[in-house]
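# Model the following, please.
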Amino acid sequence: MLTAATCRLEFRSAGLFLGLCACLLSAGVLPAQNPPAPAVTSPASPPSASASQQTPSSSDAKQSNDANAAEVTTHDTAPTFRVRVNEVLVRVVVRDESGKVIPNLKKEDFQLFDNRKPQAITSFRIETPDTNAVKAQAVTTENPDGGPPTVTPVPTLPQRFIAVVFDDTDLAMQDAASVRFAAQKLFDSLAPADRIGVFSASGQVTVDFTSDRMRLRDSLSGVVPRPLTGIAGVQSCPNISFYQARQIVEYNDDVATNVAAQELVACSSSAHPPSQETILAIVRGQAQAVLSAGEGQTDMVYRHLEDAMRRLAAMPGQRVMVFVSPGFILTSETLEQGDLIDRANRSNIVINTIDARGLYTPNLLGDISEPNIDTPQSAGVRDSFRMAEQFEQSQILGDLASGTGGTFFHNRNDLDVGMERAVGAPEISYVLGFSPQNLKLNGNFHLLKVAMVGKTKFIVQARRGYYAPRHIKDPAEAAKEEIQEAIFSQEEIRDVPIELQTQFFKSSDTQAKLAVLTRVDVNAIRFRKDAGRSRDNLTFATAIFDENGNFITGGEKILEMRLLDPTLARLDHTGLLVKSSFDIKPGTYLVRMVVRDGEGAQMAAKNGAVTIPY
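Sure thing, here's the model as predicted:
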């Protein structure tokens, strides 16, 4: 049984539901002349036996070859999975010169390159905002008094989760007001299937994913500049910017050092300036202090971006991050902490960025709150520093967007339009998959390029690359990760055809029992023939989310099948029916079912919805 406090879930409980034998008998799984399956435990209360008690013994293996051995059993130890092909997915949005999305493209229209080497596109699918939508449906509740049943409509369940992250550590006061106004218009136009979470780079503003417009609007009052470095109106001597400090410390730039030295002499009140050695020591010391403080602020932005990304990755649906910032400068120190772009791509998160400065021109005079003490000799050089700094600040915003297939909204004052575009999903996107050949386990970055065949005027948005793994994952660990990733998605996987149904029974006004029934088409399962038996293990993972996408409960069970030929023949016609039960409260829920085939490493995933009336 899983707990709602778990963000990154690891399903471990196993066990068939009470009454599985009856379902299997009705489906023709267990022949009448065979002995009944052993007693099993309800998934609502997992067994507490130790692993040693649950590990199959050698005698069990011998019995499995006996024609009278049980055909369906369960255990808690992970089976030996075959690792699926290492597939890299690339989401692509194609637009014409006017920005309109191009529909009706086929796999043959795309070319894919990995480090400039052409790759065979092994999988291809087209997605729209409605591709994996959980449709609203009516729930029928039988009337115990014999009257007509009660029909309860299911309200719109969340389909998209949007994390809006405000970089309040770098925001200027005049930009913060424009950002708050644009965000308020966005929250007022929230779609029923959208859930928005609000986060800030300082960590002072956090609102978990919700559709409560009032709560979202109230959070905007906390979006104010919260810089960690510098105090407006107070200047040091010399006044060294973060960009200039980096040039001095990391690149040993003589021009940047000399400008700071000249300013130190000009702003010093001493009639006898210190020696050149002392001046250079003061300059380097001041530059190191500015660089360290700036890196601390950038590190805070990185950490809170990661926190928001981690929370977003745990939501069951389409994931979009909107990063509103004037930008910041990366240093070698921050780059070594990891690549946000790679982490976003691994979590299927599209990052759209908005330059909070709007339409701006390089500020050659500096901040109005800080008196200009440039000397005639240093004024021109310092102006070039300001231009380079303001340009470089926006590079991180462009990289985050282009690297994840998102958009970068900049050089425009209509930030409300930028917000609207940033949260809107493209009408059509194409997901290309390929399996890298002879991939070296060195962790190196692989540059990706997507090109169009014979359509050079189209604009292609796609991730810029991926990182090779550093080691081969344990097969069981890789299988668990596959199941976990599938649970936190709304993509329907159809390697194995399954049908999903839900039933519920209210035991009181505050408690109910939810049953999730999964029917598996056995014809698509790749059994392994051994000693006259058809063998395979099916893993059934179930997750229940509330109407805001928060995980409520779930569980996993492993169905070990050693089927005789007559049983398999009957299952080919009837299918395999599995039932899981959960104790929950009345409410509206999204049900996510994932099935994994151990022998063929095939997967199936399906969405369901249910409303249990109060």
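# quick one: the helix or strand harbouring residue 567 to chain centroid distance?
Following DSSP states H and E, the helix or strand that holds residue 567 is helix 565-574. When distances are taken as Cα atoms, centre = their mean, to the nearest Å, helix 565-574 is centred 40 Å away from the chain's centroid.
# do the same with stretch 115-124
Stretch 115-124 sits 24 Å away from the centroid of its parent chain (Cα atoms, centre = their mean).
# With stretch 161-176 instead?
Here the centre of stretch 161-176 is set off from its chain's centre by 21 Å, with Cα atoms, centre = their mean.
# ok, now stretch 429-443?
19 Å.
# So what touches that stretch?
Residues external to stretch 429-443 that are found in contact with it (Cβ atoms under 8 Å, 6 or more residues apart in numbering): 85-94, 105, 107, 110, 112, 114, 119-128, 405, 446, 450, 467-472. In short, each C-beta sits where N, CA and C put it, glycine included.
# Kindly recompute the last result at 6 Å.
By Cβ atoms under 6 Å, 6 or more residues apart in numbering, the list of residues contacting stretch 429-443 from outside reads 85, 87-93, 110, 112, 114, 119, 121-123, 125-127, 467-471.
# and if you look at stretch 576-593?
Counting by Cβ under 6 Å, 6+ apart, the neighbours of stretch 576-593 from elsewhere in the structure are 17, 23, 27, 43-44, 155, 157, 316, 487, 500, 502, 510, 512-520, 522, 540, 542-545, 547, 553, 606, 608-612, 614.
# Filter those down to the buried ones and hand me the ChimeraX line.
Here is the ChimeraX command that selects only those of the contacts of stretch 576-593 that count as buried (16 or more other Cβ atoms under 10 Å):
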select :17,23,27,43,44,157,316,487,500,502,512,514,516,517,518,519,520,522,540,542,543,544,545,547,553,606,608,609,610,611,612
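# Helix, strand or coil: sort out residue 590 for me.
With DSSP: H, G, I helix; E, B strand; the rest coil as the basis, residue 590 sits in strand.
# that older thread, strands - which of the contacts of stretch 429-443 land there?
88-93, 110, 112, 114, 119, 123, 125-127, 467 (DSSP state E).
# so which helix or strand takes in residue 556?
Secondary structure (DSSP H and E) places residue 556 in strand 551-563.
# So what's the model's average confidence on that strand?
Here the mean pLDDT over strand 551-563 is 90, rounded to a whole number.
# and if you look at stretch 260-268?
When pLDDT is averaged along stretch 260-268, the result is 81.
# Stretch 115-133 too?
83.
# What lies in contact with it?
Contacts of stretch 115-133 from elsewhere in the structure, counted by Cβ under 6 Å, 6+ apart, are 107, 112, 159, 425, 428-435, 446-447, 490-492.
# Only whichever of the residues you listed are buried, select them in ChimeraX.
Selection command for ChimeraX covering only the buried members of those, criterion 16+ other Cβ under 10 Å:
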select :112,159,425,428,429,430,431,432,433,434,446,490,491
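# burial of residue 443, as a residue count?
10 (other Cβ atoms under 10 Å).
# that older thread, and the helix holding residue 567, which residues are buried?
Of the residues in helix 565-574, those scored as buried under the neighbour-count criterion (16+ other Cβ under 10 Å) are 567-568, 570-571.
# Tabulate those (CSV), appending pLDDT and distance to residue 276.
Converted to CSV, the buried residues of helix 565-574 look like this (pLDDT from 0 to 100; distance: Cβ to Cβ, whole Å):
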residue, pLDDT, distance to residue 276
567, 91, 92
568, 92, 89
570, 92, 94
571, 91, 88
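# lowest confidence element among the helices and strands of this protein?
Counting by mean pLDDT, DSSP states H and E, the weakest-scoring helix or strand in the chain turns out to be helix 51-54, with a mean of 31.
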